[in-house]
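[1] after the sequence you'll find the predicted model.
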Amino acid sequence: MKPTAPPRTYRVKSYGCQMNVYDGERMGELLAERGITPAAEGEDADLVILNTCHIREKAQEKVYSDVGRLVFAGKQSGKQPMIAVAGCVAQAEGEEIMRRAPAVSIVVGPQAYHRLPDMLEKAVAGKRATDTDMPAIAKFDALPARRKRGSSAFLSVQEGCDKFCTYCVVPYTRGAEISRPFKGLVAEAERLVEAGAKEITLLGQNVNAWAGEDDKGRGTGLAGLIHALARIDGLERIRYTTSHPNDMEDSLIAAHGEVEKLMPYLHLPVQSGSDRVLKAMNRQHTAESYLKVIAKFRAVRPDIALSGDFIVGFPGETEAEFEDTLSIVDEVRYAACFSFKYSARPGTPAAALDNPIAPEVMAERLQRLQTRLGEQQYAFNQASVGKTCKVLVDRTGRDPGQWLGKSPWLQSVWFEGEHAIGDLVEVTLAEAGPVSLRGLVPAPV
Ligand code: SAH
Ligand code: SF4
Ligand code: F3S
């Protein structure tokens with residue numbers, strides 16, 4: 001590589017989960033501290049960070065096509081951007097990226113990006129730089145204070161995973177479970193609220209495994225953190241994701257009945273409704289124990305909206321086992337869901353299993369599941385008609401005077417009137433569609 005001028009502008013392209021979005025923002029803040037600013041819309045950036053996801057094969061392959069596209073565009077414009085690959089693909093196959101993609105200057109793992117500025121210096125000097133260490137908590141200490149503005153913000157509280165589901169790469173790409181300390185989290189939340197956040201979503205690969213010591217030195221779980229955050233003036237809404245059924249403490253369930261700011265929404269993946277498949281996945285819970293957790297939430301918060309993740313076509317999944325998944329879906333009645341075809345990931349135990357499911361069978365199962373889940377989402381929306389609730393405006397709509405935002409149950413709601421992004425507007429849910437609702441703002445009296 002040849003030495004280059006230091007980059008003045010950057011762009012981060014984040015794939016995958018919300019934690020990658022959070023990491024992307026924090027990398028931006030690190031660069032901003034050094035005077036590197038976000039490239040304007042439509043303008044080529046001097047530095048492009050591809051913040052990648054390794055969860056399924058399709059996600060992983062994007063990095064190579066993106067690099068190819070950037071190189072091609074650079075040749076046409078005569079200005080080659082510096083390319084950095086961050087995120088979970090960087091962690092999982094940093095060496096391979098360096099080999100396969102000579103245009104990449106920097107490979108930085110999700111636990112090492114606080115060292116990005118040093119790596120940048122190296123790259124400017126013409127040396128390629130790789131860092132996939134996992135110092136975990138040190139990263140957060142080394143990051144600058146948050147600058148992010150906006151009405152809704154993410155806050156990573158827990159990272160990593162010790163669950164080792166047999167299909168999943170996350171324990172390898174994000175490392176062991178760690179919890180960020182209480183004090184720093186409260187401080188970061190206060191800062192986000194000062195900068196305009198009305199809603200904070202706490203993030204973790206197993207967010208409900210968060211544990212720490214509160215300001216009085218008492219051991220506490222996620223519920224304690226939520227209670228503390230709820231005391232921040234100006235913060236109106238708290239959410240958290242993603243939870244694991246086995247880490248669900250009663251105090252967190254109880255918090256849904258106690259903390260008004262905690263939204264009535266729970267993302268609790270089950271993956272499959274078949275106990276045989278759950279065992280082969282090493283989920284360490286059964287369909288029944290999952291349903292028990294759900295029942296406890298509903299007892300405390302009857303209107304809670306539930307969402308989940310599903311994998312169809314895990315090796316050896318029979319038609320009857322797939323139907324068990326449809327049954328659990330029927331039983332739970334989800335408000336929203338994410339469903340995926342199983343993707344064999346290199347290095348995971350499931351990748352070595354026999355009896356792969358044929359692609360056409362997987363496609364057909366996914367379609368049936370998604371149809372069922374879509375019907376449930378529509379039914380949930382229809383059942384919400386007539387309710388009055390607050391909507392946090394996050395976008396403008398298609399037509400002038402139209403606004404879009406989220407209900408407490410995380411539904412998309414659109415309505416008309418004179419509002420602004422970040423407003424909490426009280427509306428009556430008037431009409432339901434499959435994926436959104438129309439709200440009516442009561443006329444002023
Ligand atoms: N920590 C969370 C989310 C992990 S990744 C959890 O445990 O639920 C998000 C979702 O991707 C998973 O819930 C799972 O449904 C899906 N997923 C993970 N690995 C996969 C694979 N190899 N093939 C298909 N889907 C996968
Ligand atoms: Fe992956 Fe399972 Fe950990 Fe979730 S709990 S991140 S699916 S290993
Ligand atoms: Fe993807 Fe890594 Fe998130 S693999 S889903 S970006 S933790």
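    That came in fine, so what should we check first? Ligands and ions are numbered 1, 2, ... in the order given.
[2] from here on, just use CA atoms for contacts and neighbour counts.
    Noted.
[3] what residues go with each domain of this structure?
    Listed domain ranges for the chain are 9-138, 145-263, 264-384, 388-440 (source: automatic domain parsing).
[4] for ligand 3, which of these is the nearest?
    Across the domains of the chain, ligand 3 has its closest neighbour in domain 9-138 (3.6 Å, CA to the nearest ligand atom).
[5] would you mind pulling the contact partners of the worst-scoring helix or strand of the chain on mean pLDDT?
    Within the chain, no helix or strand scores below helix 137-142, which has a mean of 85 by mean pLDDT, DSSP states H and E. Helix 137-142 has contacts (CA atoms under 8 Å, 6 or more residues apart in numbering) with 111, 112, 113, 114, 178, 180.
[6] biggest helix in the chain by residues?
    Scanning the chain for the helix with the most residues, using DSSP state H, yields helix 359-384.
[7] buried ones in that one, by neighbour count?
    The neighbour-count criterion (16 or more other CA atoms under 10 Å) identifies 362-363, 365-366, 369-370, 372-382, 384 as the buried residues of helix 359-384.
[8] next secondary structure element downstream of that helix?
    Sequence-wise, the next helix or strand downstream of helix 359-384 (DSSP states H and E) is strand 388-396.
[9] next SSE downstream of that following strand?
    Sequence-wise, the next helix or strand downstream of strand 388-396 (DSSP H and E) is strand 402-406.
[10] then that next one to PDB, C-alphas only?
    Taking Å, rounded to 0.1, in the frame of the first residue of the first chain, the C-alpha atoms of strand 402-406 are listed here in PDB:
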ATOM      1  CA  GLN A 402     -47.700  13.100   7.400                       C
ATOM      2  CA  TRP A 403     -45.700  11.700  10.300                       C
ATOM      3  CA  LEU A 404     -44.500   8.300  11.300                       C
ATOM      4  CA  GLY A 405     -43.600   7.000  14.600                       C
ATOM      5  CA  LYS A 406     -43.800   4.100  17.100                       C
END
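[11] could the domains of the chain go into TSV alongside distance to ligand 3?
    Converted to TSV, these look like this (distance: least, CA to the nearest ligand atom, whole Å):
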stretch	distance to ligand 3
domain 9-138	4
domain 145-263	5
domain 264-384	11
domain 388-440	20
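[12] helices along this structure, start to end?
    Counting by DSSP H, the helices of the chain are 18-33, 57-77, 87-100, 116-124, 137-142, 170-173, 182-194, 222-230, 250-258, 275-280, 287-300, 319-332, 359-384.
[13] ok, the second one near ligand 1 or not?
    Just to be clear, that refers to helix 57-77. No - Helix 57-77 stays clear of ligand 1 (CA under 6 Å from any ligand atom), getting no nearer than 8.0 Å.
[14] thinking again about what came up before, for residue 151, which of the helices of the chain is the nearest?
    Nearest to residue 151, of all the helices of the chain, is helix 182-194, at 8.3 Å by CA to CA.
[15] tell me which residues are up against that closest one.
    145-149, 153, 155, 157, 200, 212-215, 225, 228-229, 232, 234-235.
[16] ok, back up a step: what's the least confident stretch among the helices of the chain?
    Comparing mean pLDDT across those, the lowest value falls on helix 137-142: a mean of 85.
[17] got the CA positions of it in PDB?
    Output in PDB follows, covering the C-alpha atoms of helix 137-142 (Å, rounded to 0.1, in the frame of the first residue of the first chain):
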ATOM      1  CA  ILE A 137     -14.600  -3.700  28.700                       C
ATOM      2  CA  ALA A 138     -11.500  -1.700  28.000                       C
ATOM      3  CA  LYS A 139     -13.100  -0.500  24.800                       C
ATOM      4  CA  PHE A 140     -15.800   1.400  26.500                       C
ATOM      5  CA  ASP A 141     -13.400   3.100  28.900                       C
ATOM      6  CA  ALA A 142     -11.400   4.300  25.900                       C
END
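[18] if we can go back for a sec, and the contacts of helix 182-194, which of them are in strands?
    Mapping the contacts of helix 182-194 onto strands (DSSP state E) picks out 153, 155, 200, 212, 213.
[19] so what's the residue count around the last one?
    Other residues near residue 213 come to 15 when the count uses other CA atoms under 10 Å.
[20] ditto for the fourth one
    Around residue 212 sit 19 other residues, with neighbours defined as other CA under 10 Å.
[21] from ligand 2, how far off is it?
    20 Å (CA to the nearest ligand atom, to the nearest Å).
[22] swap in the second one?
    Using CA to the nearest ligand atom, one gets 17 Å for the distance from residue 155 to ligand 2.
[23] just put the helices of the chain in a markdown table and tack on distance to residue 338.
    Formatted as a markdown table, the helices of the chain follow (distance: least, CA to CA, whole Å):
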| stretch | distance to residue 338 |
| --- | --- |
| helix 18-33 | 14 |
| helix 57-77 | 15 |
| helix 87-100 | 20 |
| helix 116-124 | 33 |
| helix 137-142 | 30 |
| helix 170-173 | 17 |
| helix 182-194 | 28 |
| helix 222-230 | 24 |
| helix 250-258 | 23 |
| helix 275-280 | 17 |
| helix 287-300 | 17 |
| helix 319-332 | 12 |
| helix 359-384 | 9 |
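[24] got those helices as a markdown table, with distance to ligand 2 columns?
    Shown next, in a markdown table, are the helices of the chain (distance: least, CA to the nearest ligand atom, whole Å):
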| stretch | distance to ligand 2 |
| --- | --- |
| helix 18-33 | 12 |
| helix 57-77 | 15 |
| helix 87-100 | 12 |
| helix 116-124 | 25 |
| helix 137-142 | 18 |
| helix 170-173 | 5 |
| helix 182-194 | 22 |
| helix 222-230 | 17 |
| helix 250-258 | 18 |
| helix 275-280 | 11 |
| helix 287-300 | 14 |
| helix 319-332 | 17 |
| helix 359-384 | 18 |
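[25] of these, which is nearest residue 208?
    helix 222-230 (5.9 Å).
[26] buried sites along the closest one?
    The neighbour-count check on helix 222-230 (16+ other CA under 10 Å) flags 222, 223, 224, 225, 226, 227, 229, 230 as buried.
[27] same deal with stretch 346-359?
    348, 349, 350, 351, 356, 357.
[28] hang on, the earlier thing: how about TSV for the domains of the chain, with distance to residue 1 added?
    TSV is the format used below for those (distance: least, CA to CA, whole Å):
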stretch	distance to residue 1
domain 9-138	5
domain 145-263	28
domain 264-384	30
domain 388-440	42
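[29] farthest-apart pair in the ones in strands among the contacts of helix 182-194, please.
    The distance between the two most remote of the ones in strands among the contacts of helix 182-194 (CA to CA) is 23.5 Å, for 153 and 213.
[30] name the residues of the stretch 1-150 of the chain found near ligand 1, please.
    Residues of the stretch 1-150 of the chain lying near ligand 1 (CA under 6 Å from any ligand atom): 55, 56.
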